[in-house]
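Participant: Fold the following for me, if possible:
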Amino acid sequence: MASLQDQLLKAGLADDKKAKAIRSEKRKQRKQQPKGAAQVNEAEVRARQAREEKAERDRQLNLQRQQAAEKKAIQSQIRQLTETNRLNRSRGETSYQFVHDKKIKKIFVDDTMVDQLSRGRLAIVYVNESYEVVAEGVARKIMERDMNAVVVLHDRKQEDAGEEDPYAGYEIPDDLMW
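Facilitator: Numbers count the residues shown, from 1 in each chain. Okay, here's the model as predicted:
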């Protein structure tokens, strides 16, 4: 089987001068390269670069998908924790006001919940476009997953000043009327 160059010469599509020029050009290229160095094909280099770029894009896309899946799983966990541990506010007559996203919001709770919210024993969580009241322990678990989900959780150390209270040793008489 004849080479492509021989076939082109026989068909009359190329002439001997061009064939000799091409052969001499290839010979010059081979002689100019240092010994032991392989010829680098530009097409192979571009193909390798394209494969590497595609692999990097695929890695980035997979990373984004994985982060989105993790975020969705965390939101699901928060939703489940809130649904199973929320406190019933249906008897709430007292309004409790708090700040969320630079706006003052109001929910209705009963008097004991207001006291426990101010002492840090209860917390307000924002889930599913609504506000729910949960216990402090549940709120801490939710905060581990997403800090922004817990809207109100007061620090207990500020409210419980038992050791620093100078009147802690004095009992208030039961018959004292204000």
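Participant: can you list the weak-confidence ranges in this structure?
Facilitator: 1, 34-40, 157-165, 174, 176-178 (pLDDT under 70).
Participant: what ranges do the strands span in it?
Facilitator: 94-100, 103-109, 122-127, 130-135, 150-152 (DSSP state E).
Participant: Name the residues that touch the last one?
Facilitator: What it means is strand 150-152. Residues outside strand 150-152 that contact it (C-beta atoms under 8 Å, 6 or more residues apart in numbering) are F98, H100, K105, L117, A123, I124, V125, Y126, Y131, A139, I142, M143. Backbone N, C-alpha and C define where each C-beta goes, glycine included.
Participant: Which ChimeraX command selects the buried ones in those residues?
Facilitator: Buried residues among the contacts of strand 150-152 (16 or more other C-beta atoms under 10 Å), as a ChimeraX selection:
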select :117,123,124,125,126,131,139,142,143
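Participant: Reformat the contacts of strand 150-152 as TSV; add distance to V151.
Facilitator: What follows is the contacts of strand 150-152, written out as TSV (distance: C-beta to C-beta, whole Å):
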residue	distance to V151
F98	6
H100	5
K105	8
L117	11
A123	8
I124	5
V125	7
Y126	5
Y131	7
A139	10
I142	11
M143	11
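Participant: Just give me how far the top helix by length along the chain sits from the chain centre.
Facilitator: Across the chain, the longest stretch assigned as helix under DSSP state H is helix 42-85. Averaging C-alpha positions (C-alpha atoms, centre = their mean, to the nearest Å) puts helix 42-85 10 Å from its chain's average.
Participant: now swap in stretch 97-106 and tell me
Facilitator: 26 Å.
Participant: got the end-to-end distance for it?
Facilitator: 4 Å (C-alpha to C-alpha, to the nearest Å).
Participant: Run through who's touching it.
Facilitator: Contacts to stretch 97-106, defined as C-beta under 8 Å, 6+ apart, come from residues S95, Y96, I107, I124, Y126, Y131, V151, V152.
Participant: wait, which of those residues is closest to D15?
Facilitator: Among these, Y126 lies closest to D15 (C-beta to C-beta), at 82.1 Å.
Participant: Tell me which residues touch that closest one, please.
Facilitator: Contacts for Y126 (C-beta under 8 Å, 6+ apart) come out as H100, N148, A149, V150, V151.
Participant: What's the local residue count around the last one?
Facilitator: Same thing as V151. V151 has 18 neighbours, counted by other C-beta atoms under 10 Å.
Participant: Tell me how far it lies from Q77.
Facilitator: As for V151, its distance to Q77 is 18 Å (criterion: C-beta to C-beta, to the nearest Å).
Participant: any idea how far A135 lies from E129?
Facilitator: With C-beta to C-beta as the criterion, A135 and E129 are 22 Å apart.
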